[in-house]
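Curious how this folds, go ahead:
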Amino acid sequence: MSSSAVSILTPIDGQSATGTEEIKINSSLENLQTDEQRRVLDTVAQVRKCGLDSILSLPQLVVCGDQSAGKSSVLEALTEIPFPRNDNMCTKFATEIILRRGPLNTLKIRIHPDEERSRLDQAVIKAFEEVITDFSDLPRVMGLAEKTMGITQDNDSASMARSVARDVLSIEIEGPNRPQLTLVDIPGLIQTSTKGVSDKDIETIAEITEYYIKQHRTICLAVISAKNDAANQSILRRVRNVDPDGERTLGIITKPDTLSAGSGSESKFLELARNEDVFFKLGWHVLKNRAFEEGNSSLEERNASETIYFRKSNFKTLPKDNVGIDALRIRLSHLLFEHIKQELPNLREDLEEALTSAREQLQLLGSPRSKADQCRSYLTQLSLAYSDVCKAAVNGHYEGVYFRGKVDPDFSLKSPSTIARLRAVVQQMNTKFADTVRTKGHKYQIGSYEKEREVAGGDTDVDEYVLQEENGDEQDEMDTSLQEDNGDEQYEMDTSSQEESGDESDEMDNSSLNELLTNDKKKQSDFPIRLSKKAALKWVRSGLVRTRGKELVGNFNPLLIGELFWEQASHWHSLATSHVEAVSDICTQFLSHLLARKSPADIKARIWSSQILDAVKCRRAAAFKELDLIMEDVGSYPINYNHYYTDTVSKRRDERQRKVMQKTLGNAKKPLHEVYKDQAYQVRIIETVNVERAMTEYTKIADPNMENVSQKTFVANITTQVIERHIVRGLEKIFDPVVVNKLSDREVQAIASEPESSKRQREFLEDRIARLIDGQDIFRGVL
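Here you go, the predicted structure:
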């Protein structure tokens with residue numbers, strides 16, 4: 001790599017150094033464009049002159065192909081620039097030829113360094129600039145350019161020399177009648193390494209080719225030589241990979257004069273030229289380049305030889321628009337004009353997006369800061385913007401710019417645009433939590449809920465409850481005394497099978513809940529365990545046995561209601577824990593996304609670790625502490641002051657008395673048979689307790705088909721006292737100007753001080769914005 005800059009500026013005086021080959025334009029070059037085409041292409045040329053070609057993908061023609069396919073010869077014929085010829089080594093770097101309109105005929109050569117080079121190397125290469133006024137100086141200047149890029153003919157592995165470079169040689173040609181056009185000649189693809197070309201060089205050339213041809217606004221001039229079978233030329237495979245429909249590829253066949261007339265090879269290439277083999281929507285074109293022995297002939301002689309060949313050879317059967325350099329110029333003029341005219345609106349949109357992105361990035365960097373007062377001012381402004389957006393999201397006010405991004409139609413929690421609307425997400429999660437507790441929070445589902453709700457019409461919870469009790473009374477005529485020899489045994493069988501089913505279902509993953517509660521690590525059953533009325537009575541009877549106290553025979557321990565309720569509510573804690581974790585995680589993601597949008601990555605990491613993370617942990621801990629207090633209340637004996645409960649109790653008591661009276665009158669007509677045995681008497685003591693009444697008392701408090709007062713109270717407490725009080729409310733106060741004001745000078749400098757990389761990034765963005773604004777002005781005057 002050259003260690004010093006090479007900069008030779010030749011005065012522009014309109015005369016050549018030797019007076020032998022002054023830069024001028026041939027009238028044939030003007031065929032590339034009409035006045036209308038120049039006007040359109042002027043726009044792209046001005047945008048390129050602003051330096052936007054490194055930011056935006058601009059329309060251009062790229063000449064690509066395999067080694068020795070004749071690419072440089074095609075480029076020379078198109079532009080009429082006599083490039084230095086070397087049959088031993090082909091193109092070693094990408095050459096960008098920019099034709100521009102200007103007051104004087106001049107040729108300027110620069111080098112755009114590879115971005116992967118060191119900053120020192122880039123500075124050296126950028127310093128290279130040559131201005132000449134005649135083509136006779138071109139070989140000398142290009143030799144200097146090669147040395148600057150570190151390219152030499154001697155492939156000494158011990159030196160910094162290379163045979164292929166990623167740098168781009170830029171040749172800008174200006175003149176009063178020059179067409180506005182950009183052509184790029186890239187190194188030819190090589191299949192095998194040789195003495196002068198290493199495997200690394202082959203890989204570099206392939207990467208350069210891929211970089212240019214994959215740009216969606218590039219028209220690929222895919223050059224293949226008739227000296228080699230088309231199937232063996234890798235450029236065809238590469239362009240079809242990036243342009244499978246052939247919409248922006250024009251095939252060019254060179255050296256057709258090397259084919260034997262009437263041979264199979266000639267027929268094959270004629271078929272290819274007719275677009276009957278490898279199909280491109282832009283078609284194919286055939287050129288006859290200068291042979292080796294014609295190397296010293298002029299461009300006029302080259303064109304005359306080509307014209308004669310296509311008039312006499314078998315290629316004369318092709319349309320005249322598809323052969324010869326003059327036809328190719330006209331073809332490219334129309335092709336490029338239509339291509340650019342179609343792309344200009346999209347190019348302007350890309351420019352606007354790039355400008356918006358650059359401004360946002362610059363805004364993230366904030367103002368320059370090194371002192372404590374500058375850092376504090378920056379953090380104050382940042383915290384104010386952060387707090388305002390956070391407060392709006394918590395309150396559900398989505399009018400700000402932050403909320404105007406692309407909205408996910410599915411409202412998925414994986415989408416940042418969904419999480420940005422925090423209040424909507426929390427509301428949805430709370431609603432889902434309430435539904436989950438209502439439908440899956442109880443361990444047992446007694447009776448056929450769906451059938452009862454359908455019969456009741458779903459009008460009120462009280463109607464559902466009363467209907468269940470009335471349906472339950474239909475079974476009052478069953479012998480509630482139950483025979484001792486098989487009653488309890490049957491119950492044990494029923495409950496064991498139910499419990500086994502419950503254990504299995506408890507292990508099933510609640511996928512519908514996990515879809516919303518993203519951090520749900522608990523396993524919940526998909527549905528409560530179903531119990532018939534008879535099985536439910538046996539469940540309550542087992543509770544009676546466990547809770548016997550000092551109450552008189554025929555009564556039950558009031559604490560039985562609590563035990564049954566606690567068993568039914570055994571899933572509440574895990575459901576609530578999963579919900580709190582999920583909402584906390586969503587709020588954490590919201591804070592992280594918001595901070596990332598408002599600050600650079602390094603500042604975001606510092607603020608997050610020093611201010612927000614600990615605050616989030618404290619809020620989470622407080623939420624679970626509140627949850628523990630609520631679960632202590634749930635673990636207490638259930639209390640119900642709901643008037644639906646007392647009204648139903650009174651109604652059921654009257655109904656029960658009526659039923660008992662009817663049953664008693666019927667039994668009075670039957671003979672009385674009683675057997676008193678010690679063991680039987682003990683069982684009778686238990687079974688004469690009104691189990692139906694005990695179950696009725698329990699279902700009035702805990703039955704999920706009634707008002708579910710305790711259940712609804714639990715949901716309300718979780719969503720308000722835990723979620724709202726400790727997780728959601730006050731999120732905007734975690735990082736606001738009040739917090740910043742309490743920080744010491746040392747702390748604000750530790751958080752907001754600007755590293756050198758940020759300073760360089762600011763300079764880069766300011767330069768980019770200036771260039772994009774210039775481009776914006778250009779488009780504003782055209783579109």
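
In the stretch 1-150 of the chain, where is pLDDT below threshold?
1-39, 41, 45, 48-51, 53-54, 84-90 (pLDDT under 70).

quick one, strands of it?
Under the criterion DSSP state E, counting those that start in this stretch, the stretch 1-150 of the chain contains strands at 7-9, 60-65, 94-101, 106-112, 129-132.

Could you point out the helix or strand that follows the helix or strand hosting Ser574?
Using DSSP states H and E, the element containing Ser574 is helix 572-598. Following helix 572-598 in sequence order, the next helix or strand is helix 601-607 (DSSP H and E).

can you pull the buried residues of that following helix?
Ile603, Lys604, Arg606, Ile607 (16 or more other Cβ atoms under 10 Å). C-beta here means a position set from N, CA and C on the backbone, and glycine is covered the same way.

Give me the residue at the spatial middle of this structure.
Central residue of the chain (Cα atoms, centre = their mean): Ser415, 8.5 Å from the mean position.

count of neighbours near the closest residue to it other than its chain neighbours?
The shortest distance from Ser415 to any non-neighbouring residue, by Cβ to Cβ, 6 or more residues apart in numbering, is to Asp408 (3.8 Å). Counted by other Cβ atoms under 10 Å, the residues lying close to Asp408 total 15.

Name the stretch among the strands of the stretch 1-150 of the chain that sits most buried.
Among the strands of the stretch 1-150 of the chain, ranked by average contacts under mean count of other Cβ atoms under 10 Å, first place goes to strand 60-65 (a mean of 25).

now for it, which elements pack on it?
Packing partners of strand 60-65 (3 or more Cβ pairs under 8 Å, 6 or more residues apart in numbering; DSSP states H and E): helix 71-79, strand 181-185, helix 199-213, strand 218-225, helix 234-242.

in its sheet, what does the second one sit against?
To tie it back to what came earlier, the one meant is strand 181-185. Neighbouring strands of strand 181-185 in its sheet, by DSSP bridges, are strand 60-65 (parallel), strand 94-101 (antiparallel).

quick one: low-confidence ranges for the stretch 551-700 of the chain?
554, 640-646, 648-649, 660-661, 664-700.

Which stretches in it count as helices?
For the stretch 551-700 of the chain, the helices defined by DSSP state H, counting those that start in this stretch cover 559-568, 572-598, 601-607, 613-634, 643-667, 678-687, 691-702.

what packs against the first one?
Right, helix 559-568. Partner elements for helix 559-568 (3+ Cβ pairs under 8 Å, 6+ apart): helix 533-546, helix 691-702.

Figure out how far it is from the centre of its chain.
Distance, stretch centre to chain centre, for helix 559-568: 50 Å (Cα atoms, centre = their mean, to the nearest Å).

if we can go back for a sec, between the strands of the stretch 1-150 of the chain, which gets nearest to Ala434?
Nearest of those to Ala434, taken as Cβ to Cβ: strand 60-65 at 60.5 Å.

got the angle for that closest one vs helix 71-79?
If you take axes from the mean of the first three to the mean of the last three Cα atoms, to 10 degrees, strand 60-65 sits at 140 degrees to helix 71-79.

who's in contact with strand 60-65?
Residues outside strand 60-65 that contact it (Cβ atoms under 8 Å, 6 or more residues apart in numbering): 71-72, 74-75, 181-186, 188-189, 209, 212-213, 215, 217-225, 233, 235, 238-239, 332, 336.

Run the chain-centre distance for it.
Distance of strand 60-65 from its chain centroid, counting by Cα atoms, centre = their mean, is 32 Å.

Count the neighbours of Glu551 for me.
Residues contacting Glu551 under the criterion other Cβ under 10 Å number 14.

contacting residues for it?
By Cβ under 8 Å, 6+ apart, the residues touching Glu551 are Asn557.

For it, give its distance to Ile330.
Distance, Glu551 to Ile330, using Cβ to Cβ, to the nearest Å: 109 Å.

try Ile607
Distance, Ile607 to Ile330, using Cβ to Cβ: 62 Å.

go on, Leu120?
Using Cβ to Cβ, we find Leu120 at a distance of 47 Å from Ile330.

between the two, who's got more neighbours?
More neighbours surround Ile330 than the other of Leu120 and Ile330, with 14 against 10 (other Cβ under 10 Å).

Find the helix or strand that the more buried one is a member of.
Assigned by DSSP H and E, Ile330 belongs to helix 325-365.

what angle do that helix and helix 572-598 make?
Interaxial angle of helix 325-365 relative to helix 572-598 (the same axes, to 10 degrees): 120 degrees.

could you give me the average pLDDT of helix 325-365?
Averaged over helix 325-365, pLDDT sits at 83.

helices or strands next to the following helix or strand past that helix in the packing?
Counting by DSSP H and E, the next helix or strand C-terminal to helix 325-365 is helix 372-395. Counting contacts by 3+ Cβ pairs under 8 Å, 6+ apart, helix 372-395 is packed against helix 422-440, helix 572-598, helix 737-741, helix 745-752.

Among those, show me which one is buried the most.
Mean neighbour count, computed with mean count of other Cβ under 10 Å, is highest for helix 572-598 among the helices and strands packed on helix 372-395, reaching a mean of 21.

just to revisit the earlier point, Ser753 is nearest to which of the strands of the stretch 1-150 of the chain?
Short answer: strand 106-112, nearest of these by Cβ to Cβ, at 34.3 Å.

could you dump the closest one to CSV, C-alpha only?
What follows is strand 106-112, C-alpha atoms only, in CSV (Å, rounded to 0.1, in the frame of the first residue of the first chain):
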residue,chain,number,x,y,z
THR,A,106,-11.9,17.8,-18.8
LEU,A,107,-11.1,14.4,-17.3
LYS,A,108,-10.7,14.0,-13.5
ILE,A,109,-9.5,10.8,-11.9
ARG,A,110,-10.2,10.0,-8.2
ILE,A,111,-10.1,6.9,-6.1
HIS,A,112,-12.9,5.9,-3.6
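
Paired strands for it, with orientation please.
Looking at strand 106-112 with DSSP bridges, its partner strands are strand 129-132 (antiparallel), strand 168-175 (antiparallel).

can I get those strands in a markdown table with distance to Ile111?
As requested, those are exported to a markdown table (distance: least, Cβ to Cβ, whole Å):
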| stretch | distance to Ile111 |
| --- | --- |
| strand 129-132 | 8 |
| strand 168-175 | 6 |
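
For Gln233, see how far away the closest residue to Leu189 other than its chain neighbours is.
Leaving aside its sequence neighbours, Leu189 sits nearest to Asp66 (Cβ to Cβ, 6+ apart; 4.7 Å). Asp66 sits 5 Å away from Gln233, going by Cβ to Cβ.

In terms of pLDDT, where does Glu210 sit?
Listed pLDDT for Glu210 reads 91.

One more: the one 4 residues further on?
The predicted local confidence for Lys214 comes out at a pLDDT of 90.

Equivalent analysis for the one 10 residues further on, please.
For Ile224, the model assigns a pLDDT of 93.

What's the local residue count around it?
For Ile224, using other Cβ under 10 Å, the count is 26.

got it, and Val616?
20.

and what of Ser636?
By other Cβ under 10 Å, 9 other residues sit near Ser636.

sorry, back to before: three-state assignment of the residue nearest to Ser415?
Under DSSP: H, G, I helix; E, B strand; the rest coil, the three-state class of Asp408 is coil.

Hmm, Arg421 and it touching each other?
No - contact between Asp408 and Arg421 fails when scored by Cβ atoms under 8 Å: they sit 9.9 Å apart.

how far away is Glu276 from His112?
Distance, Glu276 to His112, by Cβ to Cβ: 40 Å.

Now stretch 343-352: buried residues?
Here stretch 343-352 shows Glu343, Leu344, Leu347, Arg348, Asp350, Leu351 as buried, counting by 16+ other Cβ under 10 Å.

Skip the chain neighbours and tell me the closest residue to the fifth one.
Once its chain neighbours are removed from consideration, Asp350 has its nearest residue in Leu56; the separation is 5.4 Å (Cβ to Cβ, 6+ apart).
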